[in-house]
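Asks: following is a predicted model, sequence given first.
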Amino acid sequence: MQKQWTVAQLKTLVLKLLDESSPKNDLTAKIPVFMDTAQKEVSLYCPIRAQWCAEAAGTVPADVRKVLSVRTESGSAVPYQTRTGADGLVLEAESYPVLVEYEKIPEEITAATPQETLLELPERAVLAMAYYIAAQCNSLEYDQRFFQSFFAQYQGKLQNLASDPEGVQFSVTVDNSLPDWM
């Protein structure tokens, strides 16, 4: 089991990185905004997987980025399709109830987010977030060396996450838009 980090722990790590660079423009007040952006971007490389039980066709939860699979309670796959409805994305499966596995959009981090809130991303993704935040806090500096260094570290961490077998995984979405003869 991987350790989960809190918002306060991530902020402490970022402040340690910033102490190294001592930027002239104090952007530490923007750390919550940068945290939110970082976790949403890093979650593209290290997806957060979640499940919900759908009892009938309807609008999917607001935090669904992508539906990965739809299965019965016994585990067999159920054909499904998604379409855009008036209230958002709508899931239509061949039978119900179904267990839907999906990639989740992380919860928003704001200045009002309690410091003890657990980050949804796993420990292996937190360092990428820290480098992204540190880079953004140095983005307005005249001397861009620290920005470039932190951003290069961030991109390297994303590359590691992209090649991680626990990170990005192949998923198939059933789409019945091809002609029958194909």
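Replies: That came through, no problem. Keep in mind that this is a model prediction, so the values were computed, not measured.

Asks: apart from its chain neighbours, what residue comes closest to Ala56?
Replies: Spatially, and ignoring its direct neighbours in sequence, Ala56 is nearest to Tyr96 (5.4 Å; C-beta to C-beta, 6 or more residues apart in numbering). Where you see a C-beta, it was placed from the backbone N, CA and C, and this is true even at glycine.

Asks: for Phe146, see how far away Ala152 is.
Replies: With distances taken as C-beta to C-beta, to the nearest Å, Ala152 is found 11 Å from Phe146.

Asks: residues in contact with Pro97?
Replies: If a contact means C-beta atoms under 8 Å, 6 or more residues apart in numbering, then Pro97 has Cys53, Ala54, Glu55, Thr72, Glu73 as its contacts.

Asks: so which of the residues you listed sit within strands?
Replies: Cys53, Ala54 (DSSP state E).

Asks: what's the most distant pair in the contacts of Pro97?
Replies: Glu55 and Thr72 (12.7 Å; C-beta to C-beta).

Asks: and those two? which has more neighbours close in?
Replies: Thr72 (15 against 8; other C-beta atoms under 10 Å).

Asks: residue contacts, the more buried one?
Replies: Val78, Ser95, Pro97, Val98, Leu99.

Asks: I'd say the last one and Cys53 touch.
Replies: Read it as Leu99. Yes. Under the criterion of C-beta atoms under 8 Å, Leu99 makes contact with Cys53 at 5.6 Å.

Asks: quick check: which ranges of the chain have low pLDDT?
Replies: 1-2, 164-182 (pLDDT under 70).

Asks: for it, which segments are assigned as helices?
Replies: 7-21, 31-42, 123-137, 145-163 (DSSP state H).

Asks: angle of the last one against helix 7-21?
Replies: In this structure, helix 145-163 runs at an angle of 140 degrees to helix 7-21, with axes from the mean of the first three to the mean of the last three C-alpha atoms, to 10 degrees as the basis.

Asks: dump the C-alpha coordinates for helix 145-163 into CSV.
Replies: Extracted in CSV, the C-alpha atoms of helix 145-163 (Å, rounded to 0.1, in the frame of the first residue of the first chain):
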residue,chain,number,x,y,z
ARG,A,145,17.2,28.8,-14.6
PHE,A,146,15.2,27.5,-11.7
PHE,A,147,12.0,27.5,-13.7
GLN,A,148,13.7,25.5,-16.4
SER,A,149,15.3,23.1,-13.9
PHE,A,150,12.0,22.5,-12.0
PHE,A,151,10.0,22.2,-15.3
ALA,A,152,12.5,19.7,-16.7
GLN,A,153,12.3,17.7,-13.5
TYR,A,154,8.5,17.8,-13.8
GLN,A,155,8.6,16.5,-17.4
GLY,A,156,11.0,13.8,-16.4
LYS,A,157,8.6,12.6,-13.6
LEU,A,158,5.7,12.6,-16.1
GLN,A,159,7.8,10.5,-18.5
ASN,A,160,8.5,8.0,-15.7
LEU,A,161,4.7,7.9,-14.8
ALA,A,162,3.8,7.4,-18.5
SER,A,163,6.1,4.3,-18.7
